[in-house]
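Asker: sequence first, predicted model second:
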Amino acid sequence: MRPQSVILTFLGDHVHGRGICVSSQSFIEAFGKVGISEEATRSTLTRMVRRGLLRRQRSGRRMYFGLTPTSDEVLRDGERRIWHSGVVNDADEDRWTLIGFSLPESWQRQRHELRSRLVWAGFGPLQNGLWIAPGEVDATGVLEDLGAGVKVFAAEPRRPTDMQTLVGEAYDLAGLGERYRSFLRRWDRADPAPEAPDDLARSLMLLTGWLQIIRTDPRLPLRYLPHDWPAEKAQRVCHTLHERFRPEAARIVAGLLDTVPDESWAER
């Protein structure tokens with residue numbers, strides 16, 4: 001697990017919305033439980049400050065770290081994906097968003113950046129220069145600064161389009177399904193993560209791993225997915241285990257957290 005991913009999981013589950021900054025020592029103690037070294041924790045905190053994901057706040061001789069508007073948005077998105085939107089798209093409407101683009105060959109960096117943004121937003125390649133995503137996607141942020149070379153449409157499939165085949169070609173269903181099954185093999189058992197020292201470590205490992213999967217899931221319509229699609233079962237396991245781990249995890253966090261009020265909280 002990447003240290004930054006674990007830090008964001010910790011912040012989302014135990015810090016977000018509380019108006020506090022957390023000492024570097026608290027981070028070090030928490031992440032040592034999942035095998036992240038003090039050096040890796042300190043260097044990751046520094047990088048997150050440079051990227052605008054954390055802000056430093058000194059109190060006495062100690063350094064504390066608080067959220068920024070950017071990390072607040074990231075954590076809200078993670079909360080929405082885990083607890084609200086869910087992994088099953090059983091909407092009755094068969095609506096899709098199409099993005100077509102034609103960028104100059106010399107715009108290699110912009111083309112790569114656009115493709116990365118499209119994948120992150122749930123799009124899959126339909127054909128050269130044409131990408132598709134389920135539902136009606138607000139593509140404003142995806143297309144920022146790319147100019148008039150990009151077109152966006154809302155669409156519905158019509159015969160003779162074979163959507164089952166189209167979805168299978170545009171998305172790596174085998175890879176995504178295997179990520180869900182791997183999650184189930186690890187967590188759908190009586191004694192999950194027996195190597196973890198306590199329930200705080202288990203909850204961090206659980207939610208970090210789950211977010212890594214669902215952030216690559218475009219939530220394709222259930223009607224076009226294999227009949228044995230494992231996402232819904234994996235989601236039930238994740239939610240059930242989080243409820244099981246949370247009381248003890250919260251008790252551990254209360255004992256290790258060294259915090260000060262976030263001075264920027266009133267400005268948000």
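Answerer: That came through fine.
Asker: CA atoms for contacts and neighbours, from now on please.
Answerer: Fine.
Asker: tell me which helix or strand in this protein has the weakest average pLDDT.
Answerer: helix 108-120 (a mean of 77; mean pLDDT, DSSP states H and E).
Asker: for the following helix or strand past that helix, name the packing helices and strands.
Answerer: Heading C-terminal from helix 108-120, the first helix or strand you meet, by DSSP states H and E, is strand 124-127. Contact analysis of strand 124-127 by 3 or more C-alpha pairs under 8 Å, 6 or more residues apart in numbering; DSSP states H and E lists strand 130-134, helix 163-170 as its packing neighbours.
Asker: between the ones you listed, which gets nearest to Leu257?
Answerer: Counting by C-alpha to C-alpha, Leu257 lies closest to strand 130-134 out of the helices and strands packed on strand 124-127; the figure is 41.4 Å.
Asker: what are the buried residues along the following helix or strand past the closest one?
Answerer: Once the chain leaves strand 130-134, the next helix or strand it forms, by DSSP H and E, is strand 150-155. Neighbour-count burial for strand 150-155 flags Val152 (criterion: 16 or more other C-alpha atoms under 10 Å).
Asker: give me the distance from stretch 159-167 to the chain's centre.
Answerer: 29 Å (C-alpha atoms, centre = their mean, to the nearest Å).
Asker: buried ones in it?
Answerer: Counting neighbours by 16+ other C-alpha under 10 Å, the buried set in stretch 159-167 is Val167.
Asker: so which of the helices and strands packed on strand 124-127 gets nearest Val150?
Answerer: strand 130-134 (9.8 Å).
Asker: coming back round to it: how far off centre is the least confident helix or strand of the chain?
Answerer: Using C-alpha atoms, centre = their mean, the offset of helix 108-120 from its chain centre is 18 Å.
Asker: tell me which stretches of this protein form strands.
Answerer: In order along the chain, the chain carries the following strands (DSSP state E): 20-23, 54-59, 62-67, 96-101, 124-127, 130-134, 150-155, 259-261.
Asker: what count of nearby residues applies to Arg181?
Answerer: In terms of burial, Arg181 registers 18 neighbours under the definition other C-alpha atoms under 10 Å.
Asker: dump the residue contacts of it.
Answerer: Arg181 is in contact with Pro230, Ala234, counting by C-alpha atoms under 8 Å, 6 or more residues apart in numbering.
Asker: turn the helices and strands packed on strand 124-127 into CSV, including distance to Phe27.
Answerer: Below are the helices and strands packed on strand 124-127 laid out as CSV (distance: least, C-alpha to C-alpha, whole Å):
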stretch, distance to Phe27
strand 130-134, 38
helix 163-170, 40
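Asker: output these as JSON lines; include the columns mean pLDDT and distance to Gly255.
Answerer: Putting those into JSON lines (pLDDT from 0 to 100; distance: least, C-alpha to C-alpha, whole Å) gives the following:
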{"stretch": "strand 130-134", "mean pLDDT": "92", "distance to Gly255": "44"}
{"stretch": "helix 163-170", "mean pLDDT": "93", "distance to Gly255": "48"}
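Asker: which one of those lies closest to Glu232?
Answerer: Closest among those, using C-alpha to C-alpha: strand 130-134, at 17.8 Å.
Asker: which residues sit against the closest one?
Answerer: Applying C-alpha under 8 Å, 6+ apart, the external contacts of strand 130-134 come out as 94-101, 118, 122-126, 218-221.
Asker: now do stretch 137-155
Answerer: Stretch 137-155 has contacts (C-alpha under 8 Å, 6+ apart) with 95-103, 110, 114, 117-118, 121, 136.
Asker: same question for stretch 221-238.
Answerer: Contacts of stretch 221-238 with the rest of the structure, by C-alpha under 8 Å, 6+ apart, involve 86-91, 94, 134, 163-164, 167, 177, 180-181, 183-184, 187-188, 206-207, 210.
Asker: same thing with stretch 59-68?
Answerer: Contacts of stretch 59-68 (C-alpha under 8 Å, 6+ apart): 16, 20-24, 52-58, 259-260, 262.
Asker: please redo it, this time with the cut-off set to 6 Å
Answerer: Cys21, Val22, Ser23, Leu53, Leu54, Arg55, Arg56, Gln57, Arg58 (C-alpha atoms under 6 Å, 6 or more residues apart in numbering).
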